[in-house]
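Engineer: sequence below, structure please.
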Amino acid sequence: MHLPRQTRQLACRFRQTDVASEKAGTGVIMDRETADELMKLLRGKYRAVNQIYDLTKDFLKAFEEGDETNVGLVLDMRGKQIDMARDINSKIENLLKPLGEEGQDVLDYINGYEISEKPSENTKEIFLLAEKLYEELEKAKELDRVISARLEKLADQAHR
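Structural biologist: Numbers count the residues shown, from 1 in each chain. Predicted coordinates:
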């Protein structure tokens, strides 16, 4: 469930660059070191988002049980994971910024924009992890919406 992408399609450009690079004997848009660093950062973000989701489930459970102590503890831990994910986002942006438009396209895809064609072989792993990351983030957002709805309902009942 990616958002529509209005500009040039990343996969097409990667494929064109691969062909041009093979002919020219140069590397592709993203050198191996950059790709490895990006994968490391994406894995870290995936772990943080996964923790956010798990902690959100724990929050809901503690909230439903009326366990105020655990609600506070879980919210604190969740906040730390959110901060970690934000820090990783900044590192990803800094890593991709020197790549210009291509780096921005990769960043856009990581952030949920759709591409019309499949990525090339040398970037497939990055794109697969980005898709899994997006799916985990959507699960966490959905759970947040459930919690928000319950909190609103509780607030409405308290005002009556």
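
Engineer: for the protein, just list every one of the helices.
Structural biologist: For the chain, helices defined by DSSP state H occupy the ranges 10-24, 32-65, 68-96, 100-110, 124-159.

Engineer: could those helices be laid out in CSV, adding mean pLDDT and mean neighbour count?
Structural biologist: C-beta coordinates here come from the backbone N, C-alpha and C atoms, glycine included. Below are those laid out as CSV (pLDDT from 0 to 100; neighbours: other C-beta atoms under 10 Å):
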stretch, mean pLDDT, mean neighbour count
helix 10-24, 38, 15
helix 32-65, 94, 17
helix 68-96, 95, 15
helix 100-110, 81, 19
helix 124-159, 89, 14
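
Engineer: how about the contacts made by the residue lying farthest from the centre of the chain?
Structural biologist: For the chain, the largest distance from the centre (C-alpha atoms, centre = their mean) belongs to Arg160, which lies 40.0 Å off. Going by C-beta atoms under 8 Å, 6 or more residues apart in numbering, Arg160 touches no other residue.

Engineer: what pLDDT is listed against it?
Structural biologist: We have a pLDDT of 76 for Arg160.

Engineer: again, but for Ile29
Structural biologist: The score at Ile29 is 54. That number is its pLDDT.

Engineer: go on, Glu114?
Structural biologist: 71.

Engineer: what's around it, how many residues?
Structural biologist: Neighbourhood size, Glu114 [other C-beta atoms under 10 Å]: 14.

Engineer: any figure for the gap between it and Ala35?
Structural biologist: Distance of Glu114 to Ala35, computed by C-beta to C-beta, to the nearest Å: 21 Å.

Engineer: please verify my assumption that Thr123 contacts Thr34.
Structural biologist: No: the criterion here is C-beta atoms under 8 Å, and Thr123 misses it with Thr34 at 10.9 Å.

Engineer: contacting residues for Trp44?
Structural biologist: Residue 44: Gly, not Trp. With C-beta under 8 Å, 6+ apart, Gly44 has these contacts: 84, 88.

Engineer: ugh, wrong one, Lys57
Structural biologist: By C-beta under 8 Å, 6+ apart, the residues touching Lys57 are Leu143.
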